[in-house]
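**Q** Dropping a prediction and its sequence here:
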Amino acid sequence: MASKMTLLASVLVVMLMHLQSLEAQQPNLVKGLSWKYYESSCPKLESIIRKQLEKVIKKDVGLAAALLRMHFHDCFVQGCDGSVLLDGSASGPVDSEKTAPPNLSLRGFDVIEDLRRRVHKECGAGSVSCADITAIVARDSIVLTGGPTYSVPLGRRDGLSFATRDATLANLPSPFVPTDNLLRTLAAKNFDATDAVALSGAHTIGIAHCSSFTRRLYPTQDTTLDKTFATTLKGVCPAPNTNASTFMDLRSPNVFDNKYFVDLMNKQGLLTSDQDLYTDKRTRNIVTSFAVNQTLFFEKFVNVMIKMGQMEVLTGTQGEVRNKCSVQNSNDLLISSVVEGDNMDSVESF
Ligand code: HEM
């Protein structure tokens, strides 16, 4: 009996230690965000998004990558404030975040807007921000392609303005630069070398267009590119400006796993910024550690996603909760009063 009690006590101690370590792993939240932000105001939020995204991604798995990238492009440029979703001025083409070169290949704006409509229908206009929807969608895109799950801190508000083209270009890392440059860009945003490698691991799903990597093929071939792989890429992009695309992770392009790192170890990384992570001695061992240990990659990836998702967020009374993700509320009112009968979304929400 006594030994049974001792065993029970030790099991309890181990369970307690495990719980404590799980708690310790919960990253710090920035002020204003919470794990349970919509618990009473919109309890079905996450299930509405998950259910609909399951259908969307089943139909077109490529959208998972596009939607994950959307959250990254949102957060790196003036914080995770949904500014990447904003259309430019109605008066014509302007210097806007959405039309800046790196954002021209973003896809899935319609998916986010459709989810916004579903969520607001259930919980009311002004209930959930577009920035929060984008963050949950990114997490679900990871999960629905086989990646790790995690809780998303919530309570972001939407920004009132978008960034300029130059600010967008300045804040999104370039695919053409070596690791030295990438590490400096990311360090300025408080990400270390492990974060940089883990973040790049998002390229385990999705595609890139020829313009993102043909500098490695023409006029001379990058020596860190596997020769057979280079021949295949030349087939996809017979000229530098060919308008075609190819998978970023040739081993399992639609599965969120650690194969991207195996690609890098085999000189089959697509972008310069990818492949150089295995050339630079500061990041080489991190790449190897992720290639041989998927659990480790998933753990570091989750940490860095939670960190990225809290970059320069607007909370409390800052910004607003948009009634339509592509338009600031003030402009939405203006448009709906000018164009009678059009823009039903905003009309319905007032
Ligand atoms: C570390 C620096 C990064 C650079 C230089 C970079 C650059 C790029 C480039 C050039 C493309 C291809 C665009 C095209 O040609 O269509 C791309 C695609 C992609 N990026 Fe990144 N990226 C970086 C980090 C990230 C991060 C942090 C994430 C997400 C957490 C991410 C997620 C993706 C995804 C999923 C795609 C595929 C998109 C699709 O299929 O539509 N990237 N990235």
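**A** Looks like it came in fine.
**Q** burial measure for residue 175, as a count.
**A** When neighbours are defined as other C-beta atoms under 10 Å, residue 175 has 19 of them. Placement of C-beta: from N, CA and C, glycine included.
**Q** That one sits in which helix or strand?
**A** For residue 175, there is no enclosing helix or strand under DSSP states H and E.
**Q** Enumerate every residue touching it.
**A** 208, 212-213, 271-274 (C-beta atoms under 8 Å, 6 or more residues apart in numbering).
**Q** I'd say residue 294 and residue 258 touch.
**A** Yes: proximity of residue 294 to residue 258 meets the contact threshold set by C-beta atoms under 8 Å, at 4.1 Å.
**Q** So these two - more neighbours on which side?
**A** residue 258 (25 against 16).
**Q** May I ask you to confirm that the more buried one is in contact with residue 201?
**A** Yes: in this structure residue 258 lies within contact range of residue 201 using C-beta under 8 Å: 7.2 Å.
**Q** Need the overlap of contacts for these two.
**A** Joint contacts of residue 258 and residue 201 (C-beta under 8 Å, 6+ apart) are 290, 297.
**Q** which residues do residue 294 and residue 258 both contact?
**A** Joint contacts of residue 294 and residue 258 (C-beta under 8 Å, 6+ apart) do not exist.
**Q** can I get the CA coordinates of stretch 143-152 in CSV?
**A** Provided in CSV are the C-alpha atoms of stretch 143-152 (Å, rounded to 0.1, in the frame of the first residue of the first chain):
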residue,chain,number,x,y,z
VAL,A,143,-2.6,22.8,-39.2
LEU,A,144,-4.6,21.8,-42.3
THR,A,145,-1.5,21.0,-44.3
GLY,A,146,-0.1,18.7,-41.5
GLY,A,147,1.9,21.2,-39.4
PRO,A,148,1.8,21.9,-35.6
THR,A,149,-1.1,23.6,-33.8
TYR,A,150,-0.9,26.4,-31.3
SER,A,151,-3.1,28.9,-29.6
VAL,A,152,-3.3,32.3,-31.2
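**Q** what's the burial count for residue 67?
**A** By other C-beta under 10 Å, neighbour count at residue 67 equals 28.
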